[in-house]
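Trainee: coordinates only, sequence not included:
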């Protein structure tokens, strides 16, 4: 495997289901993960929470990048990511879908090039587009008043 483009994390079991995740990137630091009871002690987010967080965070960052690219100066973007677990045919838990709601701090009309931004920003989200290969992800963007500006389908139909 080529070193170019690698993203590395060292993962060390501390006890039971508690792990230390050491991110091998400058200033990225460490994070503890743990399964909730009854398996673990809930001392940190479990992998399913981390997956939902990664998708939501990546989409928020991608939207911010797109807004700034078109010379908008957005206020803080808020995101909520919800992952739904369900059992597969063998009875094993899987993440069946992820839904992300992004909320802008300003009115939709105040955004320059809004249609173009909302049409494209998801396609530049590395995590979401990678996850979509196996898990449906839906995205909704709202303005400060809760008006829906954008909604994508679970399969990634952007627009």
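Mentor: Received the coordinates, thanks. Predicted, not measured: the structure shown is a model, and the values here were computed from it. Residues are numbered from 1 along each chain as shown.

Trainee: Pull out the buried positions in the helix or strand harbouring residue 99.
Mentor: Under the criterion of DSSP states H and E, residue 99 resides in strand 93-103. Of all the residues in strand 93-103, those buried under the rule 16 or more other Cβ atoms under 10 Å are 95, 98, 99, 100, 101, 102, 103. Every residue, glycine included, has its C-beta placed from N, CA and C.

Trainee: partners of it in the sheet?
Mentor: strand 78-87 (antiparallel), strand 137-142 (parallel) (DSSP bridges).

Trainee: what angle do whatever helix or strand comes next after the shortest one and strand 137-142 make?
Mentor: So the one you mean is strand 137-142. Remark: after strand 137-142, the chain's next helix or strand is strand 148-152, criterion DSSP H and E. Counting by axes from the mean of the first three to the mean of the last three Cα atoms, to 10 degrees, strand 148-152 lies at 170 degrees to strand 137-142.

Trainee: and strand 148-152, how far from the chain's centre?
Mentor: 16 Å (Cα atoms, centre = their mean, to the nearest Å).

Trainee: Same check on stretch 5-13?
Mentor: On Cα atoms, centre = their mean, the centre of stretch 5-13 falls 18 Å from that of its chain.

Trainee: pLDDT (mean, whole number) over that stretch?
Mentor: Stretch 5-13 comes out with an average pLDDT of 92.
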